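Engineer: What follows is a predicted protein model with its sequence.
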Amino acid sequence: MKTLDHNTLNIESIKSWDKIITVTRPDLPPLKRYVEYLKKIWESRWITNSGEFAQLLEKELQDYLKVENLALVSNGTSALHLALKACQLQGEVITTPFTFAATTNVILWEGLTPIFADIDPETFNIDPDEVEKKITKKTSAILAVHVYGNPCYVEELEEIASRHNLRLIYDAAHSFGVEYKNQSVLSFGDISTLSFHASKVFTTAEGGALVCKDEKMLEKMKTLRNHGIKSEEEVVVPGTNAKMDEFQAALGLCNLKMIDENIQRRRRLYEHYKRRLSGRIQFQRLTSTKYNYNYMPVCFENAEERDRAYLELIKNGIRPRKYFFPLTTNNVYSNKADTGKLYDLKRALDVSGRVLCLPMYSDLEIENVDRIVEIVSSVICKRLMQLLPVRVF
Ligand code: T4K
């Protein structure tokens, strides 16, 4: 985390932070454009509670994402909370341990029990066969994650959920604009949740959204996000405050204008990484027909090699991240990195030990991608050299 001492804060300290290549960096619009929106906010003095910009962003996102029912919320975690709450779940929720802490945390906060199912070692998403094995009388839902935006096996999960009468919720925090079989990946399952955090391909600083098929369900979640208030004198359900404010919505409106261009730039970087590292490292197998290139995950041969590459990059002023290590089983049971073994999660443990997310953001320079590739390659080469037969002359 970046920490600045306010007493010594000066431009130089900010510049030195700028030299570090981080795993991600938010896209920001030209400042002038954002200021135009700020002027309107100043004029209206309407700064939150379903303001004009929030309503407009909801509409524009529905069009862009090709979905019918979308509600903005304050972040991706509150989107997950509202989704679970609206489904009135009980007992057990089957989920993946290979995800960010929030996916598992919300299950626990809602008083439910997370049951972990193993992942597919190529797509890194929850394996439907493993889900099926974990279903009991207590199961009420499946909470799957489209990891790094890569679509889950949606047809198989849909079939299992309907056969067992379970709710199917997708944590689509990384899936902005992703399509599966030329259809928005957000149109699968009962509810999908998005994150618009600074680290995401589309950002409102903090923010998120809920997408669902059923209009009534959307209304329910909109009521829940505003304290359960139906009218001035009617609170119909104990809700919460998960609203997006006008400053965030304005940033979203500006960023939406640049989204296609930014995704194109990421795509070029992704392909460059892939071309240069191909055959020497494992990439995630993508199942999408349209992808957003939010992350650049690669898997090394083993954990030791991953950790060496991680340290080597850090030494060179590059900050990759071990998303997602350790598994979120740790949130629940203990602090040990190997708790996954207890739950028959061998593949998740293996991927989590080998994965590294390399820097990926739209204005990352290609020369820096080359530098990163060279450092990673030098680590891999050491292993390959050891494998070569030693010749004795
Ligand atoms: N479900 C899934 C599957 C998720 O991945 C997430 C969040 C959620 C649910 C919950 O959504 P939110 O409630 O967060 O909307 C980051 C993000 O905070 C988190 O949103 C994200 N997933 C997760 C994968 O990554 P950290 O702790 O790694 O963030 P941090 O502060 O270390 O930032 C990462 C890098 O981003 C920094 O090294 C530099 C860059 N950065 C960050 C910020 C905040 C910037 O350049 N500017 C910034 O303002 O969790």
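Structural biologist: That came through, no problem.
Engineer: ok, which residues in the chain are in contact with the ligand?
Structural biologist: Listed as neighbours of the ligand in the chain under the rule Cβ under 6 Å from any ligand atom: 1, 22-26, 75-77, 99-100, 102-103, 145, 171, 173, 195, 197-199, 208, 319, 321, 323. C-beta: built from backbone N, CA, C; applies to glycine.
Engineer: mind running it again at 5 Å?
Structural biologist: Proximity of the chain to the ligand, by Cβ under 5 Å from any ligand atom, involves residues 22, 24-25, 75-77, 99-100, 102-103, 171, 173, 195, 197-199.
Engineer: Let's see which of those residues end up in strands.
Structural biologist: Thr22, Asp171, Ser195 (DSSP state E).
Engineer: follow-up on the earlier one: which among the residues of the chain next to the ligand count as buried?
Structural biologist: 22, 24-25, 75-77, 99-100, 102-103, 171, 173, 195, 197, 199 (16 or more other Cβ atoms under 10 Å).
Engineer: coming back round to it: of the ones in strands among the residues of the chain next to the ligand, closest to Asp344?
Structural biologist: The shortest approach to Asp344 among these belongs to Asp171, at 21.6 Å (Cβ to Cβ).
Engineer: Go ahead and confirm the closest one touches Thr103.
Structural biologist: Yes. Counting by Cβ atoms under 8 Å, Thr103 is a contact partner of Asp171 at 5.0 Å.
Engineer: what residues are shared contacts of these two?
Structural biologist: Counting by Cβ atoms under 8 Å, 6 or more residues apart in numbering, the shared contacts of Asp171 and Thr103 are Leu80, Leu143, Val145.
Engineer: how long is stretch 245-263 end to end?
Structural biologist: End-to-end span of stretch 245-263 (Cα to Cα, to the nearest Å): 25 Å.
Engineer: Going by distance to Tyr310, which of the residues of the chain next to the ligand wins?
Structural biologist: Of the residues of the chain next to the ligand, the one sitting nearest to Tyr310 (Cβ to Cβ) turns out to be Thr22, at 13.8 Å.
Engineer: what comes up buried for stretch 213-225?
Structural biologist: Lys213, Met217, Leu218, Lys220, Met221, Lys222, Thr223, Leu224, Arg225.
Engineer: Any regions of this protein where pLDDT drops low?
Structural biologist: 1-18, 333-343, 387-393 (pLDDT under 70).
Engineer: For the ligand, state which of the shared contacts of Asp171 and Thr103 is nearest.
Structural biologist: Relative to the ligand, the closest of the shared contacts of Asp171 and Thr103 is Val145; by Cβ to the nearest ligand atom it sits at 5.1 Å.
Engineer: what about the closest one, how many neighbours?
Structural biologist: Residues lying near Val145 (other Cβ atoms under 10 Å) number 28.
Engineer: Could I get the phi/psi values of it?
Structural biologist: phi -120, psi 130 (degrees, to the nearest 10).
Engineer: That one pairs with what?
Structural biologist: With DSSP bridges as the criterion, Val145 is bridged to Asp171.
Engineer: for it, what are its contacts?
Structural biologist: Thr95, Thr96, Phe98, Thr99, Thr103, Asn125, Ile126, Cys152, Tyr170, Asp171, Ala172, Ala173.
Engineer: any idea how far Glu365 is from it?
Structural biologist: 31 Å (Cβ to Cβ, to the nearest Å).
Engineer: which ones are touching whichever residue of the stretch 51-200 of the chain sits closest to the ligand?
Structural biologist: Residue nearest to the ligand within the stretch 51-200 of the chain: Gly76 (2.6 Å; Cβ to the nearest ligand atom). Contact analysis of Gly76 by Cβ under 8 Å, 6+ apart lists Ala102, Asp171, Ala173, Thr193, Leu194, Ser195, Phe196, His197, Gly208.
Engineer: For Pro26, which non-adjacent residue is closest in space?
Structural biologist: For Pro26, ignoring the flanking residues on the chain, the nearest one in space by Cβ to Cβ, 6 or more residues apart in numbering is Ala198 at 4.3 Å.
Engineer: give the contact list for that neighbour.
Structural biologist: Thr24, Pro26, Ala205, Glu206.
Engineer: Which member of those is positioned nearest Glu132?
Structural biologist: Of all the contacts of Ala198, Thr24 has the smallest distance to Glu132: 34.8 Å, by Cβ to Cβ.
Engineer: wait, the closest one sits on Leu364?
Structural biologist: No. In this structure, Thr24 is not within contact of Leu364 by Cβ under 8 Å, at 9.1 Å.
Engineer: Which of the helices or strands spans the nearest residue to Asn125 once chain neighbours are set aside?
Structural biologist: Nearest-residue entry for Asn125: Cys152, 4.5 Å, with adjacent residues in sequence omitted and distances by Cβ to Cβ, 6+ apart. Using DSSP states H and E, Cys152 sits in no helix or strand.
Engineer: got the contact list for the lengthiest helix in the chain?
Structural biologist: Longest helix in the chain, counting residues (DSSP state H): helix 366-387. The contact list for helix 366-387 (Cβ under 8 Å, 6+ apart) reads 21, 268-269, 272-273, 276-277, 280-281, 298, 300-301, 305, 308-309, 312-313, 316, 318, 358-359.
Engineer: Next up, the contacts around Ser74.
Structural biologist: Listed by Cβ under 8 Å, 6+ apart, the contact partners of Ser74 are Glu206, Gly207, Gly208, Arg225, Asn241, Ala242, Lys243, Met244.
Engineer: Please report the distance of the fifth one from the ligand.
Structural biologist: By that I understand Asn241. Relative to the ligand, Asn241 is positioned 15 Å away (Cβ to the nearest ligand atom, to the nearest Å).
Engineer: All set, thanks.
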